[in-house]
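In: need a structure here:
(chains A and B)
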Number of protein chains: 2
Amino acid sequence: MEFPSRTIEQAVQELSRLPGVGKKTALRLAMHLLRRPETESLNLSEAIKALRLNTRYCTTCHNISDEVLCNLCASLKRDKSVICVVEDTRDVMALENTHQYNGLYHVLGGIIHPLEGISPAQLNIGSLLQRCEDPEVKELIFAFSASMEGETTAFYISRKINRPDLRISSIAKGIPVGSELEFTDEITLARSLLNRIAYSTAPAINQPG
Amino acid sequence: MEFPSRTIEQAVQELSRLPGVGKKTALRLAMHLLRRPETESLNLSEAIKALRLNTRYCTTCHNISDEVLCNLCASLKRDKSVICVVEDTRDVMALENTHQYNGLYHVLGGIIHPLEGISPAQLNIGSLLQRCEDPEVKELIFAFSASMEGETTAFYISRKINRPDLRISSIAKGIPVGSELEFTDEITLARSLLNRIAYSTAPAINQPG
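Out: Residues are numbered from 1 along each chain as shown, chains lettered A, B, ... in the order given. You can find the predicted model right below:
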């Protein structure tokens, strides 16, 4: 692609580094910014800079936070006996949106992914193991994506924990609510059979096999 | 959506102003930036700022340019008797990529679009009419998108020009090269029949009806 000016070429190059943004989309974004009021571009530029320079992480759960301790860790209303282990902040937000969980979180900052070169040493696993040593903690819930990497990470962490009294569970894999049985893929269906739960009118907590 | 920190909320808000970027995508972009090296975010921030503050426009054709006159207008190799009128810089780049056009351009900076409140007064039409007064200019080519707005803009400009000797043409609307006739929509097919051109082995220039 030949650009009419260096400035726009630079902008397209930087924008196209974003995930899901190719050269054409980047050019569309750049043209959009040029058409909009100047303040909009400057605000965006400022927000991106601030995002990288001012973002801090909770010293306990490694979630993004404005303070030393995040709102969730600092809250007196949360159940400190359960820790839900997730990949990143988006997962915390997704789980919080369910309004079904009142425990604490631990953000790993990624997932074990040998192909992408992400090893356990790069994740916040050490601090999780440390938190698990606290006898107040009674349960650990793995809430990872249903992928090979998610399974690997859960397996790795579970092997590192030396507390027989600590309950370790994983969120259920099964058919999504509202989905049609006949259109569910075989692996999900097999998994949902394998992990079947005792039928009751009240929701039950499934214990991992 | 509840955010764990003000900084990330601000970034998501600004990113989601971009076209085609919703809150979820904006959050994904923000998380991506946080995972990548710091310089990447700072470069992006800088490029966006520079884009808005340093971008200049060619005083003749209004294309984006680093200089007072853009490369195309300043070039001695271009045919100064033809002006191709386009909506924005992306169209210039698309036409240049064909390597089939050697004339000059005129970038309107938009298209007449009453629904979006874009009137002729907001576009670079005045300067185009002025350029057309130069007797050196022999032909004007409209290269707009094949939409109602494109047709309106072409019609508006053609009515404003008072030079019977100026040839005015528009890029051909017809079936795209490589497409199957049976899958072409009726309007395009009707248009390609109406604008049929004399068959010859050499490419011919179609005169607008």
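
In: contacting residues around stretch A:172-183?
Out: Under the criterion Cβ atoms under 8 Å, 6 or more residues apart in numbering or on different chains, residues A:146, A:184, A:188, A:189, A:191, A:192, A:195, A:197, A:206 lie in contact with stretch A:172-183. Any C-beta I mention is one placed from the backbone N, CA and C, and that applies to glycine too.

In: Determine which two of those residues are furthest apart.
Out: The most widely separated members of the contacts of stretch A:172-183 are A:184 and A:206, with 17.9 Å between them, by Cβ to Cβ.

In: Now do the helix or strand bottoming out on mean pLDDT in chain A: distance to the chain's middle.
Out: Every helix and strand in chain A was compared by mean pLDDT, DSSP states H and E; the lowest is helix A:186-194, with a mean of 84. Averaging C-alpha positions (Cα atoms, centre = their mean, to the nearest Å) puts helix A:186-194 24 Å from its chain's average.

In: Which residues are in contact with residue A:111?
Out: A:87, A:118, A:123, A:144, A:145, A:149, A:150, A:152, A:153.

In: er, residue A:171 actually
Out: For residue A:171, the contact set (Cβ under 8 Å, 6+ apart) comprises A:141, A:142, A:143, A:144.

In: residues near the spatially closest residue to the first one that is not a sequence neighbour, how many?
Out: Think residue A:141. Spatial nearest neighbour of residue A:141, chain neighbours left out: residue A:84 (4.5 Å); criterion: Cβ to Cβ, 6 or more residues apart in numbering or on different chains. By other Cβ atoms under 10 Å in any protein chain shown, the residues close to residue A:84 number 21.

In: cool, and residue A:104?
Out: Using other Cβ under 10 Å, residue A:104 is surrounded by 21 other residues.

In: Residue A:65 now?
Out: Residue crowding around residue A:65 was assessed by other Cβ under 10 Å; the count is 24.

In: Is it in contact with residue A:58, as I believe?
Out: Yes. Under the criterion of Cβ atoms under 8 Å, residue A:65 is in contact with residue A:58, at a separation of 4.2 Å.

In: For chain A, which segments count as helices?
Out: For chain A, the helices defined by DSSP state H cover A:6-15, A:23-35, A:38-54, A:71-74, A:89-98, A:125-132, A:148-160, A:186-194.

In: ok so, going back, and the residue nearest to residue A:141, what is it in contact with?
Out: Residues near residue A:84 by Cβ under 8 Å, 6+ apart: A:95, A:101, A:103, A:104, A:105, A:106, A:140, A:141, A:143.

In: Repeat the analysis, applying 6 Å as the threshold.
Out: With contacts defined as Cβ atoms under 6 Å, 6 or more residues apart in numbering or on different chains, residue A:84 is in contact with A:103, A:105, A:141, A:143.

In: again with residue A:118
Out: Contacts for residue A:118 were tallied using Cβ under 6 Å, 6+ apart; they are residue A:110.

In: now the one 5 residues further on
Out: With contacts defined as Cβ under 6 Å, 6+ apart, residue A:123 is in contact with A:108, A:109, A:110.

In: Give me the pLDDT for the nearest residue to the second one once chain neighbours are set aside.
Out: Spelled out, that is residue A:109. Leaving aside its sequence neighbours, residue A:109 sits nearest to residue A:124 (Cβ to Cβ, 6+ apart; 5.3 Å). What the model reports for residue A:124 is a pLDDT of 95.

In: Report the separation between the residue nearest to residue A:141 and residue A:123.
Out: As judged by Cβ to Cβ, to the nearest Å, residue A:84 and residue A:123 stand 15 Å apart.

In: for residue A:117, same thing?
Out: Between residue A:117 and residue A:123 the distance, using Cβ to Cβ, works out to 12 Å.

In: Closest to residue A:157 out of the contacts of residue A:171?
Out: For these, with residue A:157 as the reference and Cβ to Cβ as the criterion, the closest is residue A:142, at 7.3 Å.

In: How many residues are close by the closest one?
Out: 19.

In: hang on, isn't it packed against residue A:170?
Out: Yes. Counting by Cβ atoms under 6 Å, residue A:142 touches residue A:170, with 4.3 Å between them.

In: what is in contact with these two at once?
Out: By Cβ under 6 Å, 6+ apart, residue A:142 and residue A:170 have these common neighbours: residue A:154.
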